[in-house]
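J.: 3D model of this:
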Amino acid sequence: MATPASSAQPGSTGPERGPRPLAAAPQAGSASTQLVTDQGRTILTDTVVSKIAGTATRQVDGVHALGGGTARAVEALRGRIPGARVNHSQGVAVEVGERQAAIDIGIVADYGVPIYDLGAAIRRNVIDAVERMTGLEVVEVNVTVYDVHLPSEDEVSDAEYPSRVQ
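T.: Residues are numbered from 1 along each chain as shown. Okay, the predicted model is just below:
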């Protein structure tokens, strides 16, 4: 007959101490992962992983913005609200399991940056940051380039659009 894991075995000094593996995978629809030890547990929500991934992506030279057109438009409106904070997980979707994470990132690339190299740099930075900060193994980072930002898009001259009022 098997004894429960929490009871001491004959001849032992008590239950084993130290880290145990991550808890069972979260229930369907759940958005967290737990690191369980004898001293307690640490719970990681999807939001934590997506913020880490979003911040790591923004640190890569050649990334102009995160997200597709709709996400960027919503963020632009949100940015006009006094006191609103930056959404660090915009353009990032994650799937967090018991020991692993898969990450999807949508970006707008700066014109002239080799997109293949940009994708590789994003993957390296995101994998390093998420694995270092959470202990999860990142099994994949998929990068979708929604648009290329042209330098001329920032240069709207007053001559092109004269003021209608004085």
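
J.: what about Thr47, which SS state?
T.: Under DSSP: H, G, I helix; E, B strand; the rest coil, the three-state class of Thr47 is helix.

J.: ok, it touching Val92?
T.: No: between Thr47 and Val92 there is no contact under C-beta atoms under 8 Å: 10.0 Å. From N, CA and C alone the C-beta is placed, and that goes for glycine too.

J.: where do the helices of the protein begin and end?
T.: Assigned by DSSP state H, the helices in the chain fall at 46-58, 69-79, 115-134.

J.: need the winner for burial among these.
T.: helix 46-58 (a mean of 22; mean count of other C-beta atoms under 10 Å).

J.: what lies in contact with it?
T.: For helix 46-58, the external contacting residues (C-beta atoms under 8 Å, 6 or more residues apart in numbering) are 31-32, 63, 66, 88-96, 101, 103, 105, 107, 122, 125-126, 128-130, 133-134, 136, 141.

J.: and it with helix 115-134, angle?
T.: 140 degrees (axes from the mean of the first three to the mean of the last three C-alpha atoms, to 10 degrees).

J.: for the protein, which helix or strand comes out least confident on mean pLDDT?
T.: helix 69-79 (a mean of 56; mean pLDDT, DSSP states H and E).

J.: didn't Ala65 look like it was pressed against His149?
T.: Yes: using C-beta under 8 Å as the test, Ala65 is close enough to His149 to be in contact (7.2 Å).

J.: shared neighbours, the two?
T.: The contact lists of Ala65 and His149 share Val108, where a contact means C-beta under 8 Å, 6+ apart.

J.: quick check: bridge partners of the spatially closest residue to Glu131 that is not a sequence neighbour?
T.: Nearest residue to Glu131, sequence neighbours excluded (C-beta to C-beta, 6 or more residues apart in numbering): Val138, at 5.7 Å. Taking DSSP bridges as the rule, Val138 bridges to Ala101.

J.: quick revisit: which among the contacts of helix 46-58 end up buried?
T.: Buried members of the contacts of helix 46-58, scored by 16 or more other C-beta atoms under 10 Å, are 63, 66, 88-92, 94, 96, 101, 103, 105, 107, 122, 125-126, 129-130, 134, 136, 141.

J.: where does the protein have low pLDDT?
T.: 1-34, 69-88, 153-166 (pLDDT under 70).
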